[in-house]
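> sequence? don't have it. structure:
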Ligand SMILES: [Zn+2]
């Protein structure tokens, strides 16, 4: 479970997800973007609202945008 990156409190509430786009090495001539989900949490302890990178926790949610075009008809 996520915890606050500021005060390490586990007393956080979820604010849904955002997406972080990371450009990687090109695939052919097309730029390749990794779309990595990040979770938004609000801390009840210190009031901070932060994005928490969960790419290590949920690697299956990764998508590779350029690759999807080749995979889908
Ligand atoms: Zn906090």
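Alright, I've got the coordinates. Bear in mind that the values here come from a model prediction, so they are computed numbers and not experimental data. Numbers count the residues shown, from 1 in each chain.

> elements contacting the lengthiest strand in the chain?
Counting by DSSP state E, the longest strand found in the chain is strand 12-27. Strand 12-27 is packed against strand 30-43, strand 49-53, with contacts defined by 3 or more Cβ pairs under 8 Å, 6 or more residues apart in numbering; DSSP states H and E. The C-beta positions use only the backbone N, C-alpha and C, and glycine is treated the same way.

> cutoff 10 Å now
Packing contacts for strand 12-27, counted by 3 or more Cβ pairs under 10 Å, 6 or more residues apart in numbering; DSSP states H and E, involve strand 30-43, strand 49-53, strand 63-64, helix 65-71.

> and the angle for the longest one with strand 12-27?
Which is strand 30-43. Strand 30-43 and strand 12-27 are oriented at 170 degrees to each other (axes from the mean of the first three to the mean of the last three Cα atoms, to 10 degrees).

> Let's test this: mean pLDDT of stretch 16-33, rounded?
Per-residue pLDDT over stretch 16-33 has a mean of 82.

> Buried ones in that stretch, by neighbour count?
For stretch 16-33, the buried set under the neighbour-count rule, 16 or more other Cβ atoms under 10 Å, is empty.

> before we move on, the earlier item: so what strands line up beside the longest strand of the chain?
When pairing is defined by DSSP bridges, strand 12-27 lines up against strand 30-43 (antiparallel).

> Buried ones in the strand it pairs with, by neighbour count?
34, 36, 37, 39, 40, 41, 43.

> ok, for the first one, nearest residue in space, not its chain neighbours?
Leaving out its chain neighbours, the residue that sits closest to residue 34 by Cβ to Cβ, 6 or more residues apart in numbering is residue 22, at 4.4 Å.

> From residue 47, how far off is the one you found?
For residue 22, the distance to residue 47 equals 29 Å [Cβ to Cβ, to the nearest Å].

> Quick check: closest non-adjacent residue to residue 15.
Here the residue nearest residue 15, using Cβ to Cβ, 6+ apart, is residue 40, at 3.8 Å.
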